[in-house]
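>>> predicted coordinates and the sequence they were generated for:
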Amino acid sequence: MDEDGHARIEIIIKEGLPKKVTTSLSRSLGDRFASNYGVISQPDIKCYDLTPGDLFVVWASDGVWSMLENDEVCGLVGFKLKTQRDDLEMNLEAVTKKLVNETNAVWQDECFGYTDDITAVVGRIGPRSLLEQKKT
């Protein structure tokens, strides 16, 4: 592989492309060559208004969002937090690990054993009482 990563790119193309292909953020930052082809280092920024029912927020790298849809991530995180209420802080750590492990499994399955960087943080933003409510 040369310093620009050409061998890695050729191997992926030769074996077939994964279902979801994106240009990684770390590769895009400062990539003058790729800027000729529309790769920019300007991040996408979206603002959301919080509502009283919002319980958690997930910050994650493209390694997560390339493989899982928003609904999948929210479903996994919400289900784990609601079903395991003993120690909320430990559950936040456990659900984050579960999210990373699930994402890794999808990468392994869909991308011939290749895995992109997978980084995630799950934080509670809603009232603790909403996460700890017992099912009725």
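Arrived safely.

>>> from now on I want contacts and neighbour counts done on CA atoms only, so please keep to that.
Will do.

>>> quick one: low-confidence parts of this protein?
1-34, 37, 39-44, 84-89, 128-136 (pLDDT under 70).

>>> go again using 90 as the cut-off
Residues of the chain that meet the criterion pLDDT under 90 lie in 1-48, 50-55, 61-62, 78-94, 112-117, 124-136.

>>> can you show me the strands along it?
56-60, 120-124 (DSSP state E).

>>> just the ones you listed: most buried one?
Counting by mean count of other C-alpha atoms under 10 Å, strand 120-124 has the highest mean neighbour count of the strands of the chain, with a mean of 17.

>>> rewinding a little: can I get the strands of the chain in TSV with distance to Cys47?
Below are the strands of the chain laid out as TSV (distance: least, C-alpha to C-alpha, whole Å):
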stretch	distance to Cys47
strand 56-60	13
strand 120-124	17
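
>>> count the residues that sit near Leu81.
The local packing of Leu81 (other C-alpha atoms under 10 Å) involves 22 other residues.

>>> actually Pro52, not the one I typed
Burial of Pro52 is recorded as 9 neighbouring residues (other C-alpha under 10 Å).

>>> hang on, isn't it packed against Ile125?
No. Using C-alpha atoms under 8 Å, Pro52 is not in contact with Ile125; the gap is 9.7 Å.

>>> joint contacts of these two?
Here Pro52 and Ile125 share no contacting residue, scored by C-alpha atoms under 8 Å, 6 or more residues apart in numbering.

>>> what's the closest of the strands of the chain to Asp71?
Nearest of the strands of the chain to Asp71, taken as C-alpha to C-alpha: strand 56-60 at 11.8 Å.

>>> what is that closest one packed up against?
Using 3 or more C-alpha pairs under 8 Å, 6 or more residues apart in numbering; DSSP states H and E, the elements in contact with strand 56-60 are strand 120-124.

>>> need the CA coordinates for the strand it packs on. CSV is fine.
What follows is strand 120-124, C-alpha atoms only, in CSV (Å, rounded to 0.1, in the frame of the first residue of the first chain):
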residue,chain,number,x,y,z
ALA,A,120,-20.1,6.2,20.2
VAL,A,121,-21.2,8.1,23.3
VAL,A,122,-24.7,7.9,24.7
GLY,A,123,-25.9,10.6,27.1
ARG,A,124,-29.1,11.1,29.1
